[in-house]
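K.L.:
no FASTA, just this:
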Ligand SMILES: Nc1nc2c(ncn2[C@@H]2O[C@H](COP(=O)(O)OP(=O)(O)O)[C@@H](O)[C@H]2O)c(=O)[nH]1
Ligand SMILES: [Mg+2]
Ligand SMILES: [Zn+2]
């Protein structure tokens with residue numbers, strides 16, 4: 001059998017998978033019965049020609065993001081992500097419920113979450129000051145940026161420089177604009193991937209990993225990268241509110257749902273103002289939206 005070489009999965013193409021091996025990209029198929037390969041995976045490849053090969057093995061993952069697919073199954077979206085940048089903006093409006101949901105998913109998937117408030121050129125952030133402070137008090141890093149006016153981008157580049165990251169957030173908040181500001185030659189790179197591998201065009205639905213000029217990698221996924229609450233349990237949702245974590249074992253009943261339950265430490269803490277009542281109420285809303293709740 002051919003020698004195995006380590007590579008990095010850059011993108012899914014129409015006819016195979018683009019794998020980067022010491023700076024050049026080759027087109028790979030996968031060994032039969034190999035589980036689904038995700039962008040960001042470290043893989044072992046056997047080369048069949050200078051620009052083609054086969055993925056024989058997926059190396060252990062640090063993290064894995066899934067999205068639901070048909071038949072209640074899930075599909076991997078991206079692997080080995082260290083940080084999820086949750087992008088939001090006051091235009092059209094701030095959806096804190098969605099932000100909490102993303103933070104809860106990150107908390108459960110062992111991925112750091114960072115907040116990015118974009119479009120600071122448009123409005124001042126006075127009316128959401130309290131919410132922003134709450135997130136920062138919980139230890140979440142916050143970047144205030146404008147992709148359009150190139151504000152805060154240098155700081156963002158520094159933050160991105162040591163990790164594999166992904167942007168997520170509502171449509172229209174400026175994820176694509178930020179990505180373009182961070183990767184000025186993105187289109188060129190995308191075409192290069194398709195050309196070097198010769199086969200098939202780079203489809204618009206494909207997630208792609210880009211090396212950032214200043215260091216770090218950004219996985220760009222067209223559309224929404226992280227999907228709802230589909231794969232969280234109620235317990236995981238509560239755990240996803242990190243300020244609840246030390247309280248969860250103080251609830252009187254170990255199957256406490258943290259709603260109207262007697263002796264609930266979480267509700268009590270919210271009522272006393274020890275944790276944010278707004279966050280607690282958003283937790284209740286999300287809980288109701290969960291497929292499992294009844
Ligand atoms: N004023 C302003 N508009 C922005 C900024 N960033 C993005 N936009 C605009 O917001 C809209 C949505 O941006 P886009 O990057 O497509 O958002 P995405 O859906 O999250 O990828 C576009 O019309 C952008 O020009 C910004 O920093 N300031
Ligand atoms: Mg976009
Ligand atoms: Zn409780």
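P.N.:
Looks like it came in fine. For clarity, every value in this text was computed on a predicted model and none was experimentally measured. Ligands and ions are numbered 1, 2, ... in the order given.
K.L.:
per-residue pLDDT of residue 174, please?
P.N.:
We have a pLDDT of 93 for residue 174.
K.L.:
what's it in contact with, if anything?
P.N.:
Counting by C-beta atoms under 8 Å, 6 or more residues apart in numbering, residue 174 touches 87, 89, 118-119, 147-148. (Each C-beta comes from the backbone N, C-alpha and C, glycine too.)
K.L.:
now, those residues that are in helices?
P.N.:
Among those, DSSP state H puts none in helices.
K.L.:
surely residue 153 meets residue 181?
P.N.:
Yes. Contact criterion C-beta atoms under 8 Å: residue 153 and residue 181 qualify, at 5.4 Å.
K.L.:
which residues do these two both contact?
P.N.:
In contact with both residue 153 and residue 181: residue 147, using C-beta under 8 Å, 6+ apart.
K.L.:
just to revisit the earlier point, buried subset of the contacts of residue 174?
P.N.:
Buried residues within those, counting neighbours by 16 or more other C-beta atoms under 10 Å: 87, 89, 118-119, 147.
K.L.:
closest to ligand 2 out of the contacts of residue 174?
P.N.:
Ligand 2 has its nearest neighbour among these in residue 87, at 9.8 Å by C-beta to the ion.
K.L.:
bridging residues for that closest one?
P.N.:
Beta bridges link residue 87 to residue 116 when assigned by DSSP bridges.
K.L.:
pull up the per-residue confidence for it.
P.N.:
95.
K.L.:
excluding sequence neighbours, find me the nearest residue to residue 75.
P.N.:
Closest residue to residue 75 apart from its sequence neighbours, by C-beta to C-beta, 6 or more residues apart in numbering: residue 69 at 4.4 Å.
K.L.:
please disregard the earlier target; I meant residue 86.
P.N.:
Nearest one to residue 86, counting by C-beta to C-beta, 6+ apart, is residue 102 at 4.7 Å.
K.L.:
give me the buried positions along the helix or strand in which the one you found is found.
P.N.:
Using DSSP states H and E, residue 102 falls within helix 96-109. With burial defined by 16+ other C-beta under 10 Å, the residues of helix 96-109 counted as buried are 96, 98-109.
K.L.:
could you verify my assumption that the residue nearest to residue 75 touches residue 36?
P.N.:
No. Using C-beta under 8 Å, residue 69 is not in contact with residue 36; the gap is 9.8 Å.
K.L.:
where do the strands of the chain begin and end?
P.N.:
Taking DSSP state E, the strands of the chain run over residues 4-13, 16-21, 24-30, 42-49, 52-58, 64-68, 74-79, 83-89, 112-118, 141-144, 164-168, 208-211, 217-220.
K.L.:
neighbouring strands - and their directions - for the fourth one?
P.N.:
Strand partners for strand 42-49, identified by DSSP bridges, are recorded as strand 4-13 (antiparallel), strand 52-58 (antiparallel).
K.L.:
mind checking the ones you listed for the one nearest to ligand 2?
P.N.:
The minimum distance between ligand 2 and those falls on strand 4-13, with 16.7 Å, by C-beta to the ion.
K.L.:
quick one: that closest one to strand 164-168, angle?
P.N.:
Relative orientation of strand 4-13 versus strand 164-168 (axes from the mean of the first three to the mean of the last three C-alpha atoms, to 10 degrees): 20 degrees.
K.L.:
roughly how far apart are residue 291 and ligand 2?
P.N.:
To ligand 2, residue 291 is 27 Å away according to C-beta to the ion, to the nearest Å.
K.L.:
I meant to write residue 123 there.
P.N.:
Separation of residue 123 from ligand 2 (C-beta to the ion): 21 Å.
K.L.:
ramachandran angles for that residue?
P.N.:
Residue 123 has phi and psi values of phi -140, psi 160 when expressed as degrees, to the nearest 10.
K.L.:
just to check, it is in contact with residue 90?
P.N.:
Yes. Counting by C-beta under 8 Å, residue 123 touches residue 90, with 4.9 Å between them.
K.L.:
more neighbours, the two?
P.N.:
Each of residue 123 and residue 90 has its neighbours counted (other C-beta atoms under 10 Å); residue 90 has more, 18 against 12.
K.L.:
give me the pLDDT for the more buried one.
P.N.:
92.
K.L.:
same deal with residue 82?
P.N.:
With respect to pLDDT, residue 82 scores 95.
K.L.:
how about the closest residue in space to it that isn't next to it in sequence, phi and psi?
P.N.:
Spatial nearest neighbour of residue 82, excluding adjacent residues (C-beta to C-beta, 6+ apart): residue 163 at 3.8 Å. Main-chain torsions, residue 163, degrees, to the nearest 10: phi -140, psi 170.
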